[in-house]
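Novice: Here is a sequence together with a model predicted from it:
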Amino acid sequence: MKVVAALILALAVPAIAAPPPPPSEEGLTAVQAYIRATKEKDLKAYDGLLSDAFLGNDDDLSGSANRTKWLDGVAKEFGNPHLNVNIIKVFYGGHLARGKFSIQVMLVENANNFSFGGTRSPDCCAFYRTETLTLDGAKIVEIDRSPLFDVVLSTAGTRTDL
């Protein structure tokens, strides 16, 4: 009876509880290239990382965007000479969706858009956002972008800017 109970317990543990496999070399290379393309505002390199069936999700775009629409938005961001994006944290993991395990990488970004030359951009200031990249090998098949956050809290949940 104890053997049956142990077998039932072993089978009851969900497979998803296991940690994801270590990052693949091609996945790491793709993420590093994505960070470099974002930092250097290299639209050609950024474009080469997206799969043909790419889907982007961003509240600013009113929902989902296909590859062309997403790249139009990225080109506009990259074309802003005052926008600087710094990746401050990178998290690796994955999830099970539609019966398939997918590798995901979440980037925590700090961006600023200050113009110190006497002109002020209408979308000035600094903000934080996250981008979750879903990978299929060396290609990014989906990006989920968070809304913009502008108030930094301490780990205790209090403001740090007062």
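Specialist: Ah, there it is.
Novice: On the three-state scheme, Gly157 is what?
Specialist: Under DSSP: H, G, I helix; E, B strand; the rest coil, Gly157 falls in the coil class.
Novice: Count the neighbours of it for me.
Specialist: Using other Cβ atoms under 10 Å, Gly157 has 6 other residues around it. From N, CA and C alone the C-beta is placed, and that goes for glycine too.
Novice: In this structure, where is pLDDT below threshold?
Specialist: By pLDDT under 70, the low-scoring segments of the chain are 1-21, 61, 98, 115-124, 162.
Novice: now do 80
Specialist: Residue ranges of the chain with pLDDT under 80: 1-23, 59-63, 97-99, 114-124, 160-162.
Novice: Next, please give the residue ranges for the helices of it.
Specialist: Secondary structure of the chain by DSSP state H: the helices cover 2-12, 25-40, 43-49, 67-78.
Novice: Quick one: those as CSV, columns for distance to Ser154 and mean neighbour count too.
Specialist: Formatted as CSV, the helices of the chain follow (distance: least, Cβ to Cβ, whole Å; neighbours: other Cβ atoms under 10 Å):
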stretch, distance to Ser154, mean neighbour count
helix 2-12, 40, 8
helix 25-40, 26, 16
helix 43-49, 34, 15
helix 67-78, 29, 15
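Novice: And those: which comes nearest Leu107?
Specialist: Proximity to Leu107 (Cβ to Cβ) singles out helix 25-40 among those, at 7.2 Å.
Novice: How far does the closest one sit from its chain's centre?
Specialist: 12 Å (Cα atoms, centre = their mean, to the nearest Å).
Novice: Packing partners of that helix?
Specialist: Contact partners of helix 25-40 among helices and strands, from 3 or more Cβ pairs under 8 Å, 6 or more residues apart in numbering; DSSP states H and E: helix 43-49, strand 84-97, strand 100-112, strand 126-136, strand 139-145.
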